[in-house]
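> pasting the sequence and the predicted coordinates here, then a few questions.
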2 protein chains.
Amino acid sequence: MEKKLSIVDIAKHLNVSITAVSFILNGKAKEKRISDELVERVLQFVEEVGYKPNLLARGFRTGKTNTIGLLVEDISNPFFGAIARNIEDAAYRNGYKILYSSTDNDTEKTKELIRVYRDRCVDGYIIAPAEGLEDDINDLIKHAFPVVLFDRFLEGVKTDYVGIDNVGGIYNGVKYLIEKGRKNIAFITLDSLQSQMRDRCLGYEKAVKEYQLPEFIKEIGFHQNTENRTKQIISFLKRKKEIDAVVFSTNYLAVSGLKAISQLGLSVPRDLAVMAFDDLDLFELYAPSISTMSQPIKRISDEVISRLLDRLNTSSGGKKKKPFQDVVLETSLIIRNSTK
Amino acid sequence: MEKKLSIVDIAKHLNVSITAVSFILNGKAKEKRISDELVERVLQFVEEVGYKPNLLARGFRTGKTNTIGLLVEDISNPFFGAIARNIEDAAYRNGYKILYSSTDNDTEKTKELIRVYRDRCVDGYIIAPAEGLEDDINDLIKHAFPVVLFDRFLEGVKTDYVGIDNVGGIYNGVKYLIEKGRKNIAFITLDSLQSQMRDRCLGYEKAVKEYQLPEFIKEIGFHQNTENRTKQIISFLKRKKEIDAVVFSTNYLAVSGLKAISQLGLSVPRDLAVMAFDDLDLFELYAPSISTMSQPIKRISDEVISRLLDRLNTSSGGKKKKPFQDVVLETSLIIRNSTK
DNA sequence: AAGATTTGCTAAATTGTTTTAGTTCAATGT
DNA sequence: ACATTGAACTAAAACAATTTAGCAAATCTT
C-alpha cells in the first residue's frame, strides 16, 4: 500500500501477463481478444487498489505527454489571460494539460521556449508568435507537430490560424469617428511588424485615405514600460494640438493613453474622442465610458483549442488530414460615450 | 542527423561506455574520476551534434521533471495573472517550467488537479488553496513534496506560506474612512471561509467595533457571475440608504461595486466613499480615482518562488531542512479621490 | 480427419537515462 | 615479489509502460 504499484504488480497479483493488463487498461481488450471475464477481473482489481499508470514511463515509451504548449505574449495581459483561461478549461476537459510561458514578443526568448517545449515533448503547440519565427515553426510542422497560431500569423507558415479581421475592425472604428465629424484622427500603435499590428494600421490608413483626412500615426516602442508609453503619448498629443480623436491599437496602449489624457486634462469626448481595443472593465466604467473594438475572446479560444484537438486526435490515426484552416472572426464595435 | 540521437549513440561513436558519457554530461566527471581528456572529447562531440537528453527518459528514471505545479484561483484575475507571470519568469531562470491551472476555488476540482499533478510528477507545488484541502496538501507534504501556499493558508497544514496582513490592511483602510468622518461603513465580501476572507472581515469588524459604529456586512455568493454580483450589490445599497462608505474585499467585487454605484447614479465620494482591494488601472483612472489596499505583488511572487526553489534545491541534498516559514507582508493604503 | 482459422493469451523487446557495483591496469608500499 | 591502493573506466540493472510477434488450444472448414 505504501509504494506505488505498477502494472507488473497488478499482473503478478492476478497471475496474468503484463501485456494483457496493458491491453485492458488501454481499452484494447476487444481488439486484442481478451475475454470479458479477464477484463472484468483486471478492471475490478485496478479500481480496488487505485492503480494509476506512471505517466512518465508511458510518455517515455510513447513519446506522448498529453501536454499542450501555450505561448502567449504576456499572461498578465487581460486578453491573453482570458484566452489562456478558456483554453485551459477546454484542454483539461479533453485530458490535456497546459505548459505555458509568456514570450514578451521576444523572438529569441520564443525560440528558446519552443526548444524547451520540444525537449519536454509537448504534443501540440498554441502560439501567438513574435516575428521571425517562421523557420522554427515550420520545423515543428515538418516534424508533424500540430501547431495552431493565433492573434497574429506568419507569412509562409502553412498551419491553422485563428484571428480577427483587424483591418476591417479598425476601419469600422475609424469610419465611425469620421462619420461623427472627427477630422484629425490619430492612431497610436506599436512599432511592431507583427501581422495584427500591420493590419490594424492598414485599417486606419484605409479609412482616413478614403475620406481624404490627414494621417497621424504614433508608434510606441515595443519594449517600453508603462510610464514611458504614457510619456510618449503625452508628448505626441501635446505636439499635435489639432488631433480631435485617437484610436489605440491594443488594450494596454489605450490604458496608457487614458492616463496621458487624464494628465493632460483633456476632456473626452469634447476635446478628444477615444476608441480603444479589446474590452476591459475599465472602458465600461471610465467616465466617460470608452468605445472600443472588442474581440470575441470565447470564440477565439474555442476555435484555437478545437483546431488543435482535431489535429491531435487525427495525427496518430493516419486519416486523411484536413487542409489547414484560417479562421478569421469579426470584432464588434462597442459604442460608448467617448465617441459621442 | 534525422532522428534524435541518444546517449547510446554518443557512447558508441566515441567508443566509450554509456556510463562515462552520462557522468560527464551530469557534471560528475571529477567525482567519478573521468580523465580530462575524455571529458573534453565527449563534450566536444556532444556540442558538435547538438545532443539533447531525452527529458522523458530522464524523468522516468529519476522521478524528477523540473516542473512546478501552480494552482491559482483564476489565471484571468489580474492579481493571479501578475503573480503567475512573476513566478513563471523566476522559475524559468532556474530551469523549471510551470504547469498551471485555475481552481475556481472549487475544492473538488482542486483535489482532482492535485491528483493530476502528482500523476505527472511535478517536483513542487505552489497553491492558493480552496477550503477543505488540508488532508490532500498534508499528504503531499508527507510524501516530501515541497509545497508553498500563498494568498490564503490552511489551519493545520505545516508548510511555507506567503501572504499579507489582511486584518491590518483592511483595519487601516476602514480606520481611514472613519477618521474622514464616515459613520456607516459597509463591507462587501464573499461568503467564503478562506483565511484571507475571514481575516479581511475581521479587520473590518475590529475597526468598526473600536469606534462603536454599526456593522454592514454583505456577503456575495462565491460562484456568482459578474452580473449577479452587481445586482446583489445594487439591491444591498438600495436597502441600506444610510451607508456612506463601502469597502470591498477583492478586486473583482470592487469592480462589480463600481458598476452598481454607477447604475444607481450615486456620487463618489459625496454620497458614498469607496475603498477597493488590489490596485487595478481602473482604480487609478476611474473618476473619481479609487482608494485601495494594494498588495505587494512582486514581493509576494519573489517570496513564493524563492521559498519553493530553496526547498527543491535542498530536498534531495539531505541537508538539515529549514523550519517552515510564514511570510506576512504589509499592504499599502493608496489614498485617492474616492475617500476624500 | 487434416488443415485452416480464430480465440485468448504471453514472452520478450523496446524506450534513454541514471546508477550500482565492479573490473582492469598501473603505480606504490613493504 | 606480492599485496594494496587509486585512477579510469564499464557492464548491467533498473525504471514502468507499450507493442510486436507468436504460441497453444479450440473451433471451423471441407
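Sure, I can see it.
> from DNA strand C, how far out is A:F222?
37 Å (C-beta to the nearest atom of the strand, to the nearest Å). All C-beta spots, glycine's among them, are computed from the backbone N, C-alpha and C.
> hang on, that residue packs against A:D191?
Yes. In terms of C-beta atoms under 8 Å, A:F222 counts as a neighbour of A:D191; the distance is 6.0 Å.
> looking at these two, which is more packed in?
Each of A:F222 and A:D191 has its neighbours counted (other C-beta atoms under 10 Å in any protein chain shown); A:F222 has more, 15 against 12.
> give the helix, strand or coil label for that one.
Secondary structure state of A:F222, per DSSP: H, G, I helix; E, B strand; the rest coil, is coil.
> with A:R270 instead?
Applying three-state DSSP: A:R270 is coil.
> all strands for chain A, in order.
All strands of chain A, identified by DSSP state E, fall at A:67-72, A:97-102, A:124-127, A:147-150, A:160-164, A:185-190, A:216-220, A:245-248, A:273-277, A:291-294, A:326-329, A:332-334.
> list the buried residues in the fifth one.
Taking 16 or more other C-beta atoms under 10 Å in any protein chain shown as the basis for neighbour counts, the residues of strand A:160-164 that come out buried are A:160-164.
> hey, which of the strands of chain A is tucked in deepest?
Ranked by mean neighbour count, those are led by strand A:245-248 with a mean of 30 (mean count of other C-beta atoms under 10 Å in any protein chain shown).
> and that one, what does it pack onto?
helix A:166-179, strand A:185-190, helix A:251-264, strand A:273-277 (3 or more C-beta pairs under 8 Å, 6 or more residues apart in numbering or on different chains; DSSP states H and E).
> any chance of these in a markdown table, with distance to B:I305 and mean pLDDT too?
Formatted as a markdown table, those follow (distance: least, C-beta to C-beta, whole Å; pLDDT from 0 to 100):
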| stretch | distance to B:I305 | mean pLDDT |
| --- | --- | --- |
| helix A:166-179 | 36 | 98 |
| strand A:185-190 | 30 | 98 |
| helix A:251-264 | 25 | 97 |
| strand A:273-277 | 32 | 98 |
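> and of these, who's closest to A:R85?
helix A:251-264 (15.8 Å; C-beta to C-beta).
> would you indicate which residues of the closest one are buried?
So for helix A:251-264, counting by 16+ other C-beta under 10 Å, buried means A:251-262.
> could you dump the lengthiest helix in chain A to CSV, C-alpha only?
If you go by DSSP state H, chain A has its longest helix at helix A:297-315. What follows is helix A:297-315 as a C-alpha-only set of coordinates in CSV (Å, rounded to 0.1, in the frame of the first residue of the first chain):
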residue,chain,number,x,y,z
ILE,A,297,-12.5,36.0,-26.8
LYS,A,298,-14.6,33.0,-26.2
ARG,A,299,-14.9,32.2,-29.8
ILE,A,300,-11.2,32.7,-30.5
SER,A,301,-10.3,30.3,-27.6
ASP,A,302,-12.9,27.8,-28.7
GLU,A,303,-11.6,27.8,-32.3
VAL,A,304,-8.0,27.6,-31.2
ILE,A,305,-8.4,24.6,-28.9
SER,A,306,-10.8,22.7,-31.2
ARG,A,307,-8.4,23.1,-34.2
LEU,A,308,-5.6,21.8,-32.1
LEU,A,309,-7.6,18.9,-30.5
ASP,A,310,-8.7,17.9,-34.0
ARG,A,311,-5.1,17.6,-35.1
LEU,A,312,-4.1,15.8,-32.0
ASN,A,313,-6.8,13.2,-32.4
THR,A,314,-6.2,12.6,-36.1
SER,A,315,-2.4,13.0,-36.3
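> and that helix with DNA strand D, contact?
No. Helix A:297-315 lies apart from DNA strand D when judged by C-beta under 7 Å from any atom of the strand; the minimum separation is 13.6 Å.
> and that helix, what does it pack onto?
Contact partners of helix A:297-315 among helices and strands, from 3+ C-beta pairs under 8 Å, 6+ apart: helix A:78-93, strand A:124-127, strand A:147-150, strand A:160-164, strand A:326-329.
> what residues does chain A have near DNA strand C?
A:15-20, A:23, A:32-35, A:37-38, A:60-61.
> redo the helices and strands packed on strand A:245-248 as a markdown table? Include distance to chain B.
A markdown table is the format used below for the helices and strands packed on strand A:245-248 (distance: least, C-beta to the nearest C-beta, whole Å):
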| stretch | distance to chain B |
| --- | --- |
| helix A:166-179 | 21 |
| strand A:185-190 | 16 |
| helix A:251-264 | 5 |
| strand A:273-277 | 12 |
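> out of those, the one nearest A:E131 is which?
The nearest among those, by C-beta to C-beta, is strand A:185-190 at 11.6 Å.
> one step back: and the helices and strands packed on strand A:245-248 as a markdown table, adding distance to B:I243?
Output for these, formatted as a markdown table (distance: least, C-beta to C-beta, whole Å):
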| stretch | distance to B:I243 |
| --- | --- |
| helix A:166-179 | 40 |
| strand A:185-190 | 41 |
| helix A:251-264 | 28 |
| strand A:273-277 | 33 |
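> format these as JSON lines; extra columns: distance to DNA strand D.
Converted to JSON lines, the helices and strands packed on strand A:245-248 look like this (distance: least, C-beta to the nearest atom of the strand, whole Å):
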{"stretch": "helix A:166-179", "distance to DNA strand D": "43"}
{"stretch": "strand A:185-190", "distance to DNA strand D": "46"}
{"stretch": "helix A:251-264", "distance to DNA strand D": "44"}
{"stretch": "strand A:273-277", "distance to DNA strand D": "46"}
